[in-house]
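1. sequence plus predicted model, see below.
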Amino acid sequence: MKASYIAVVCTLLVLLLAKTQVIMAVTCNPTQLSPCVSAITSASPPSTLCCSKIKEQKPCLCQYLKNPNLKKFVNSPNARKVANTCGTPFPKC
């Protein structure tokens with residue numbers, strides 16, 4: 001259960017990336033957002049790695065929002081704050 005929570009939280013951060021500038025293909029994988037789990041769950045500042053992963057997964061955020069298992073984490077207030085702190089606005093899907 002804890003692993004799925006981490007995956008969901010990571011996905012949440014990915015969804016926070018609003019603008020999509022796809023230069024190369026991105027593999028949508030919510031676990032890529034695992035460096036952001038502590039920032040989302042404890043409201044601590046996101047790490048540089050977290051922000052880079054959010055930006056990397058930005059094209060996938062709307063897809064994550066459509067997933068019922070990930071949506072509640074992606075839409076959390078802390079996930080939105082992390083994305084904003086990383087300079088990645090929340091997507092409008």
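-> Received, thanks. Residues are numbered from 1 along each chain as shown.
2. list the contacts of Pro45.
-> 39, 85 (Cβ atoms under 8 Å, 6 or more residues apart in numbering). (C-beta placed from N, C-alpha, C; glycine too.)
3. now do the SS call for it.
-> coil (DSSP: H, G, I helix; E, B strand; the rest coil).
4. Thr85 touches Thr48, doesn't it?
-> No - if you go by Cβ atoms under 8 Å, Thr85 and Thr48 don't touch, sitting 11.4 Å apart.
5. out of these two, which sits in the more crowded spot?
-> Thr85 (15 against 9; other Cβ atoms under 10 Å).
6. if I pick the closest residue to that one other than its chain neighbours, what's in contact with it?
-> The shortest distance from Thr85 to any residue other than its chain neighbours is 5.6 Å, reached at Pro46 (Cβ to Cβ, 6 or more residues apart in numbering). Counting by Cβ under 8 Å, 6+ apart, Pro46 touches 13, 36, 39, 54, 82, 85-86.
7. where's Pro46 relative to Gly87, distance?
-> 10 Å (Cβ to Cβ, to the nearest Å).
8. try Cys60
-> With Cβ to Cβ as the criterion, Cys60 and Gly87 are 17 Å apart.
9. could you do Leu70 as well?
-> From Leu70 to Gly87 the distance is 22 Å (Cβ to Cβ).
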